[in-house]
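> Below are the sequence and a predicted model; questions follow.
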Amino acid sequence: MIIAIDGPAAAGKGTLGRRLAEHFGLAYLDTGLIYRAIASKMSQRDLDPADPEAAAAVARTLSAEDLEDPALRGDEAAQAASQVAAIPDVRAAVLDFQRDFAAHPPGGARGAVLDGRDIGTVVCPGADHKLFVTADLEARATRRFQELRERGVESIYARVLEDMAERDARDSQREVAPLVPAIDAFMLDTTELEADAAFAAALKFIASRC
Ligand code: C5P
């Protein structure tokens, strides 16, 4: 069983993806970490994340262990990640890694949940279930702002909102694998939904198709 979850930042994809994976006994991959890890490696080597050749070279050396660095969760990594993610050779270099994860999930799991921006459209177009999780920009920025506060990270709401809008625009308007719902995706708007209600709606959608 393959579940593809796509949508913009802070819409609730990760929380939902982890819960679905646990519920169905599936492996889970947050594919945003792949682009964050490439950006972070580039920054460690003082490389420009907008340099296509350097980014593709780093992408080709990526390993599963690179995704485990806790520093990847920060917002600086997110902006640079969305720059490297717009480079076609970078996306090509990490496609097989994601497809292998889906085809041969680790730990003997009977399938996988992948979340990102292009899972239902490019990485796993044949996924059994596709969800597009979204929410208003303000609701997502408020969630991210609160999350940063809880982690003790100083931030300014207006800045968080502006960064998110910039990243949404870059991810949606890029030429390769832009952020768009697959035509057969279930649209789940979490603006007014708590995590439990979003999980229940996703389960209902999946059950209606089995
Ligand atoms: O999901 P997350 O916010 O961690 O993703 C960081 C960035 O990585 C996104 O803004 C997007 O540019 C890129 N990304 C992508 N395709 C994916 C997952 C993430 O382009 N499947």
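Yep, it's here. These numbers were taken from a predicted model, which means no experiment stands behind them.
> Give me the buried stretch members for the lowest-mean-pLDDT helix or strand in the chain, please.
Ranked by mean pLDDT, DSSP states H and E, the weakest helix or strand in the chain is helix 75-84, scoring a mean of 90. For helix 75-84, the neighbour count (16 or more other C-beta atoms under 10 Å) marks 75, 77-84 as buried. In short, each C-beta sits where N, CA and C put it, glycine included.
> Compute the first-to-last residue distance for stretch 33-53.
20 Å (C-alpha to C-alpha, to the nearest Å).
> what sits against Ile5?
13, 16-17, 20, 113-116, 119-120, 130-133 (C-beta atoms under 8 Å, 6 or more residues apart in numbering).
> Any idea what it is bridged to?
Beta-bridge pairing for Ile5 (DSSP bridges): Asp115, Leu131.
> Quick check: it vs the ligand, distance?
Applying C-beta to the nearest ligand atom, to the nearest Å, the value for Ile5 to the ligand is 10 Å.
> What parts of this structure come near the ligand?
9, 31-32, 35-36, 78, 81-82, 85, 116-119, 167, 171 (C-beta under 6 Å from any ligand atom).
> So which residues of this structure form helices?
Along the chain, the segments classed as helices by DSSP state H run 13-24, 32-44, 52-60, 75-84, 88-103, 137-150, 157-173, 195-209.
> Quick check: closest non-adjacent residue to Thr31.
Gly116 (3.6 Å; C-beta to C-beta, 6 or more residues apart in numbering).
> now swap in Ala59 and tell me
Per C-beta to C-beta, 6+ apart, closest to Ala59 is Ala93, 3.8 Å.
> is it true that the one you found touches Ala56?
Yes. Counting by C-beta atoms under 8 Å, Ala56 is a contact partner of Ala93 at 5.8 Å.
> residue ranges with poor pLDDT in this structure?
Within the chain, no stretch has pLDDT under 70.
> got a list of what Gly54 touches?
Let me fix one detail, which is that residue 54 is Ala and not Gly. Applying C-beta under 8 Å, 6+ apart, the residues contacting Ala54 are 42, 47-48.
> My error: substitute Thr190 in the last question.
11-12, 133-135, 139, 198.
> Name the member of these with the most neighbours.
Neighbour counts for the contacts of Thr190, by other C-beta atoms under 10 Å, peak at Val133, which reaches 27 neighbours.
> what's the spacing between the residue lying closest to it once chain neighbours are set aside and Val176?
Excluding its sequence neighbours, the residue lying closest to Val133 (C-beta to C-beta, 6+ apart) is Gly7, at 3.9 Å. Gly7 sits 18 Å away from Val176, going by C-beta to C-beta, to the nearest Å.
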